[in-house]
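Asks: A predicted structure for the sequence below; I have some questions about it.
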Amino acid sequence: MTEPQPDATEAAAHAPRDPDRLVRRAGLRGDPDQDQHFLVDDRVLDRIPGYLPEDADTTHVLEVGGGTGALTDRLLRVADRVTVVERDTRLAAFLREEFADDVESGRLTILEGDALEVDLPEFTACVSNLPYGISSEITFRLLPRGVPLVLMFQKEFGERMAAEAGTDEYGRLSVSAQHYGDVEVVETVPRKAFSPAPAVESVLVRVTPRDPDYEVRDEAFFLDFVKALFTQRRKTIRNGIRNTAHISGLSDPEAVVDAADEEVLRKRAGNMDPRAFAELTALADEHGR
Ligand SMILES: C[S@@+](CC[C@H](N)C(=O)[O-])C[C@H]1O[C@@H](n2cnc3c(N)ncnc32)[C@H](O)[C@@H]1O
C-alpha cells in the first residue's frame, strides 16, 4: 500500500505533520540500539516548544537527534531558524527531502553527524528529544552555552538533574547542572508516547540559564571537587576531602580541612547545596592546591 501524502487541506491549514505518517514515510523502524525512539504523541509534541521560557530568543533553535522530524516540524513553527543534528545517514536524507522547502529557504539546516563530534553552531535555544546514550555528555556541552534548554531524558536522569540537596536523587549531576541554571522537570512522558517504546519513562526538563549567586574562580576545579566529594557521598566532608585528593587534584587536603568550618566538615555531600560547595571550593582553591 502506498503511503498517502499529506492532503492539500492539511498543507493549506499548515496543520502540524502527523508523527505516525512521518515514521511511515521515512520507511524506517526506530532502532533502540541507535537511541531511536520517535515521539508519536501529538499532544506531547505540540506542548514541547511551549516549555521554553516566555522570553526565550527563538532566532536559532538547535535540535539534537532529528529522527523523522516530528519535533523539527513543531520547532519550525516557533523559530526563525532551526539546525538539526542527526547521525543516521538515512534519517538525515529523509529530513532533507521531507523539509526540502525549509532547507531551500535557509530556515532549516541539517547537520549530518555525531552531535558529540560536529561543530555546533551558535544557537539561542535548544529543544531536543535526546539520544539517551549521550544525555550526559551532550548536556554538559549545551549547559555552558548559557541559553534555554528543553530536553527529554530518561526519567531517573532528569530527576537527578533537578534534585534538591537533601533528597536521595541529589548528586554530582544536580550540582553541576544547577550551577548553570534553574533546572525543572516540566512533564513526565509515558513510554507509549514513543515508537518503539523505550524501557523506562521519560521526563522533559527545562533549564533556564542564570549566573550563579556565588563566585567560582575556576569552574573546572569546582566541578572536579564536587565530583570527588560525591564519590564519598556517605562519608563526612572532612573524610571526603582527605580521601579524594587524587580526584580533586588537591596537593594539601589537610590545609583545606584546617581552614573549613567544623559545621561544614561534619556534613555529607548530599546535604551541601551548590553554594556550600562553591564556598568550600574557594577555601580549597586558596589553601589546598
Ligand atoms: C530519541 S530519537 C528522537 C527523534 C526525534 N527528534 C523525535 O522526537 O521523534 C533520537 C535521535 O537521535 C539520533 N542520534 C542518536 N545518536 C546520535 C548522536 N550521537 N548524534 C546525533 N544524533 C544521534 C537517532 O538516530 C535518533 O534519530
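Replies: Perfect, I can see it now. Please read all numbers here as calculations on a predicted model, not as lab measurements.
Asks: chain center to the lengthiest helix in the chain, what's the gap?
Replies: For the chain, the helix with the greatest residue count under DSSP state H is helix 274-287. Put simply, helix 274-287 sits 26 Å off its chain's centre (CA atoms, centre = their mean, to the nearest Å).
Asks: Show the average pLDDT along that helix.
Replies: Helix 274-287 carries an average pLDDT of 94.
Asks: Quick one: residues in contact with it.
Replies: Where contact means CB atoms under 8 Å, 6 or more residues apart in numbering, the residues beyond helix 274-287 that reach it are 165, 175, 178-179, 212-218, 221-222, 225-226, 229, 237, 241, 248, 250, 252, 255-256, 258-260, 264, 267, 272. For the C-beta atoms, the positions are set from N, CA and C on the backbone; glycine is no exception.
Asks: Which members of the residues you listed occur in strands, if any?
Replies: When strands are assigned by DSSP state E, not one member of the contacts of helix 274-287 lies inside them.
Asks: Could you tell me which of those residues belong to helices?
Replies: Filtering the contacts of helix 274-287 for membership in helices, criterion DSSP H, returns 175, 178, 221-222, 225-226, 229, 237, 241, 248, 255-256, 258-259, 264.
Asks: how about the residues of the stretch 1-150 of the chain near the ligand?
Replies: Contact residues, the stretch 1-150 of the chain versus the ligand (CB under 6 Å from any ligand atom): 34-39, 65-67, 70-71, 85-88, 91, 114-116, 129, 131, 134.
Asks: Report the buried members of those.
Replies: The neighbour-count test (16 or more other CB atoms under 10 Å) marks 35-39, 65-67, 70-71, 85-88, 91, 115, 129, 131, 134 as buried among these.
Asks: okay, and for the stretch 1-150 of the chain, where does confidence drop off?
Replies: Confidence mapping of the stretch 1-150 of the chain against pLDDT under 70 gives the ranges 1-13.
Asks: please redo it, this time with the cut-off set to 50
Replies: In the predicted model of the stretch 1-150 of the chain, residues 1-2, 4-12 satisfy pLDDT under 50.
Asks: which residues in it form helices?
Replies: Assigned by DSSP state H, counting those that start in this stretch, the stretch 1-150 of the chain shows helices spanning 8-13, 19-26, 42-47, 70-76, 89-98, 100-105, 135-142.
Asks: what about Leu283, how many neighbours?
Replies: Using other CB atoms under 10 Å, Leu283 is surrounded by 18 other residues.
Asks: Quick check: it vs Asp55, distance?
Replies: To Asp55, Leu283 is 37 Å away according to CB to CB, to the nearest Å.
Asks: Over to Leu108?
Replies: Using CB to CB, one gets 24 Å for the distance from Leu108 to Asp55.
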